[in-house]
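>>> no sequence on this one, just coordinates:
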Ligand code: IPE
Ligand code: IPE
Ligand code: MG
């Protein structure tokens, strides 16, 4: 089934905005995977060990989300602000991304996982760009869960890019100002075609968004755990899903 068809059919039956009750399972889970450095520090290890361990958690959670029938999983891997980190940590992170893509490709393929990325790819090392492209290519006929990695992603930057795209359409006479609406903006973002996240998880306790999916999370249910990302496991995911299922989503309406 082509990707667009999957998304369209899904949003018709499960979209959270057209009904006021929440489906038990979130269609789209977005995760701010934080606390790798703290995990390593607690264990007296170098920060980068936390990133390496975090990659194991990615594998576990991707597999579990795919197994239980999540439609879309978006993972915040590297923000547009993370370039402020020391060069050796940046080098390690880029190498880790590259090796994740090489190692996990067979699993993504086997599990029929659709693969995409959001964020400015052109600033990444060429080797990472190549592995992203190759993973997209190999997974292009998959029809199962969508896995989206946010790499060099910033929500504000994404909105700036979208405004530029829309302004160009207007300037070239292909769009009139009065036709700019929420759906034009949504489809000009990197996440075009994906349902908005229903559940936003942040690990390691910080109560902030850190420039993640600013437009898309307007009605996401937020769930924060003190657990660091390397310690996040299937039982923590189940805790989040259980809490989500008990929430009442009202989208500005009244209790049903
Ligand atoms: C998240 O863990 C991974 C990235 C942001 C790349 P951190 O590296 O931010 O870990 P803490 O927050 O320092 O513990
Ligand atoms: C958010 O974590 C980015 C990722 C998880 C990739 P940060 O560690 O960069 O966030 P801040 O700096 O604590 O806000
Ligand atoms: Mg952090």
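Structure's in. What do you need? These numbers come from a predicted model, not from an experiment. Numbers count the residues shown, from 1 in each chain. Ligands and ions are numbered 1, 2, ... in the order given.
>>> Can you pull up the residues of the protein that come close to ligand 2?
Proximity of the chain to ligand 2, by CB under 6 Å from any ligand atom, involves residues 32-34, 76-79, 82, 206, 208, 210. The C-beta positions use only the backbone N, C-alpha and C, and glycine is treated the same way.
>>> among the residues you listed, which are in strands?
Those of the residues of the chain next to ligand 2 mapping onto strands are 32, 76-79, per DSSP state E.
>>> and of these, the nearest to ligand 1?
Closest approach to ligand 1 among these (CB to the nearest ligand atom): residue 78, at 5.3 Å.
>>> For the closest residue to the closest one other than its chain neighbours, give me its contacts.
Nearest residue to residue 78 in three dimensions, chain neighbours excluded: residue 151, at 5.0 Å (CB to CB, 6 or more residues apart in numbering). Taking CB atoms under 8 Å, 6 or more residues apart in numbering as the criterion, residue 151 is in contact with 77-78, 97, 117-119, 121, 124, 128, 132.
>>> If any of those residues are buried, put those into a PyMOL selection.
A single PyMOL command selects the buried members of those (16 or more other CB atoms under 10 Å):
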select buried, resi 77+78+97+117+118+119+124+128+132
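>>> contacting residues around stretch 113-131?
Contacts for stretch 113-131 (CB under 8 Å, 6+ apart): 3, 6, 62, 66, 74, 78, 80, 94, 97-98, 101-102, 107-108, 132, 135-136, 139, 142-154, 157-158, 190-191.
>>> Would you list the buried entries among the residues you listed?
Buried among the contacts of stretch 113-131 (16+ other CB under 10 Å): 3, 6, 62, 66, 74, 78, 80, 94, 97-98, 101, 108, 132, 135, 139, 142, 144-154, 157-158, 190-191.
>>> now, which of those lie within helices?
Taking DSSP state H, the ones among these that sit in helices are 3, 6, 62, 66, 94, 97-98, 101, 108, 132, 135, 157-158.
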